[in-house]
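Trainee: Kindly return the folded structure for what I paste below:
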Amino acid sequence: MPDIRALSVPTGAEATRGIGLVVAGYLVITLADAAVKWVLPEIGAAAAMICRGVIGGAVLLAITRGRGIFPRDRWLLTRRSLAHCCVSASWYWAWANGMPLGDSYAVACLTPLLMTLLAIPMLGETVGWRRMTSTAVGFCGVLVMLNPGGDLWRFETAVLLVATCIMAVTRIWTRVLSRTDTPAAIAFWLMAAHIPMGLALLPVFPPPQAGLPGAGIIAALLIFGAANAVAHLLFSRAFALAPVSVLAPYDYTPFLYGIGIGFAVWSEVPAWSTLAGATLVIAAGIYNLHRERVRRAAERA
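Mentor: Predicted coordinates:
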């Protein structure tokens with residue numbers, strides 16, 4: 001385990017770059033999630049994981065030309081990769097069971113609060129009252145979006161809540177790994193871990209249909225794998241630049257992207273409570289970005 005003290009507080013410029021990278025990464029990963037949700041009825045969750053590993057790993061090798069993918073902290077990298085595979089399997093299973101994209105992202109919006117809180121004991125980060133307040137405001141927005149007692153509360157939601165807790169831990173580990181391993185190594189071995197995990201889950205989640213998929217499904221899978229590779233490169237770099245507490249509020253952004261994609265592809269119309277909660281989430285994220293810009297201006301002065 002690397003020295004936690006080595007995870008020093010970044011400059012405002014680094015934090016702002018980290019925010020930009022993580023927001024871009026969330027947009028790319030949302031497109032990947034929409035692609036896999038569309039093909040899941042044809043191939044199943046286990047085959048999707050295998051495709052993600054094969055295609056994503058190949059894309060990362062092409063981008064990096066194999067440079068920087070040798071792992072250093074192998075034990076932590078293995079734990080993080082396998083834990084993230086469990087998260088992937090949970091989401092793919094929920095989508096295969098018909099859970100709307102926006103609803104699943106609403107559950108995932110609990111991740112930022114968990115990340116901000118876990119960063120204190122796990123990373124020794126100091127979370128100021130402004131960041132904690134912005135995260136709390138965003139969490140209030142999540143509560144409004146979740147609308148307890150509504151259609152969102154189903155068995156799949158309970159599974160995703162557990163997966164969300166695991167996902168928060170993997171984000172913390174990404175920050176820790178950034179001190180020993182390159183973004184290429186973190187992203188590549190995550191993709192690679194999906195191959196054996198998918199093979200192991202094939203008896204549990206067999207493909208619904210026999211035979212080779214059509215051209216449209218293959219194209220969607222290529223987009224899915226490539227987008228995952230690019231997104232996780234962006235995530236790894238972002239968590240190397242900025243503290244978890246700074247990036248945590250932007251974990252809400254996939255939900256906002258998911259609303260638009262869900263409506264465009266599956267005609268999923270968000271409820272008024274979803275829109276009201278999203279307003280709070282956006283406000284919290286914009287405020288946090290404003291604080292980082294103020295800090296950057298102070299450093300220049």
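
Trainee: On the three-state scheme, Val269 is what?
Mentor: What DSSP: H, G, I helix; E, B strand; the rest coil gives for Val269 is coil.

Trainee: Relative to Gly138, how far out is the closest residue to it other than its chain neighbours?
Mentor: The shortest distance from Val269 to any non-neighbouring residue, by Cβ to Cβ, 6 or more residues apart in numbering, is to Phe263 (6.3 Å). Any C-beta I mention is one placed from the backbone N, CA and C, and that applies to glycine too. For Phe263, the distance to Gly138 equals 22 Å [Cβ to Cβ, to the nearest Å].

Trainee: Which residue of those two possesses the greater neighbour count?
Mentor: Gly138 (27 against 14; other Cβ atoms under 10 Å).

Trainee: So for the helix or strand where the more buried one lies, mean pLDDT?
Mentor: Assessed by DSSP states H and E, Gly138 sits inside helix 129-146. Averaging pLDDT along helix 129-146 yields 78.

Trainee: what's next to that helix, contact-wise?
Mentor: Residues from elsewhere that reach helix 129-146 (Cβ atoms under 8 Å, 6 or more residues apart in numbering): 106-107, 109-110, 112-113, 116, 152, 245-246, 248-249, 252, 255, 273-274, 276-281, 283-285, 287-288, 291.

Trainee: So for Leu123, what's the pLDDT?
Mentor: For Leu123, the predicted pLDDT is 71.

Trainee: Thought Val244 was touching it, still the case?
Mentor: Yes - with contact defined as Cβ atoms under 8 Å, Leu123 reaches Val244; the gap is 6.5 Å.

Trainee: So the two - more neighbours on which side?
Mentor: More crowded of Leu123 and Val244, by other Cβ under 10 Å: Val244, with 26 against 18.

Trainee: For that one, give its distance to Val176.
Mentor: 10 Å.

Trainee: For the two, list the residues in contact with both.
Mentor: Leu123.

Trainee: Filter the contacts of helix 129-146 down to just the buried residues.
Mentor: 106-107, 109-110, 112-113, 116, 152, 245-246, 248-249, 252, 255, 274, 277-278, 280-281, 284-285, 287-288, 291 (16 or more other Cβ atoms under 10 Å).

Trainee: Take those residues and keep only those in helices.
Mentor: Residues of those located in helices (DSSP state H): 106-107, 112-113, 116, 245-246, 255, 274, 277-278, 280-281, 284-285, 287-288, 291.

Trainee: What residues sit buried inside the strand or helix carrying Phe239?
Mentor: According to DSSP H and E, Phe239 maps onto helix 215-241. Buried residues in helix 215-241, defined by neighbour count with 16+ other Cβ under 10 Å: 217, 220-221, 223-241.

Trainee: what does stretch 200-213 give?
Mentor: Neighbour-count burial for stretch 200-213, counted by 16+ other Cβ under 10 Å, picks out Leu201, Phe205, Pro213.

Trainee: from those residues, which single one is nearest Asn97?
Mentor: Phe205 (10.9 Å; Cβ to Cβ).

Trainee: which SS state does that closest one fall under?
Mentor: Assignment for Phe205 (three-state DSSP): coil.

Trainee: Relative to Ala283, how far out is the residue nearest to Val269?
Mentor: 22 Å.

Trainee: ok, now Thr111?
Mentor: Counting by Cβ to Cβ, the gap from Thr111 to Ala283 is 18 Å.

Trainee: same thing with Ser236?
Mentor: Taking Cβ to Cβ, one finds Ser236 at 28 Å from Ala283.

Trainee: Same check on Ile69?
Mentor: Taken as Cβ to Cβ, the span from Ile69 to Ala283 is 40 Å.

Trainee: And Met99, by the same measure?
Mentor: 27 Å.

Trainee: can you check Thr16 too?
Mentor: Thr16 is 19 Å from Ala283, by Cβ to Cβ.

Trainee: just Arg154 next, same as before
Mentor: Arg154 is 29 Å from Ala283, where distance means Cβ to Cβ.

Trainee: got it, and Ala96?
Mentor: 34 Å.

Trainee: before we move on, what about Ile29?
Mentor: For Ile29 relative to Ala283 (Cβ to Cβ), the value is 23 Å.

Trainee: that older thread, counting by contacts, list what the helix holding Phe239 packs against.
Mentor: helix 12-43, helix 45-64, helix 155-177, helix 183-201 (3 or more Cβ pairs under 8 Å, 6 or more residues apart in numbering; DSSP states H and E).

Trainee: switch the cut-off to 6 Å
Mentor: Counting contacts by 3 or more Cβ pairs under 6 Å, 6 or more residues apart in numbering; DSSP states H and E, helix 215-241 packs against helix 12-43, helix 45-64, helix 183-201.
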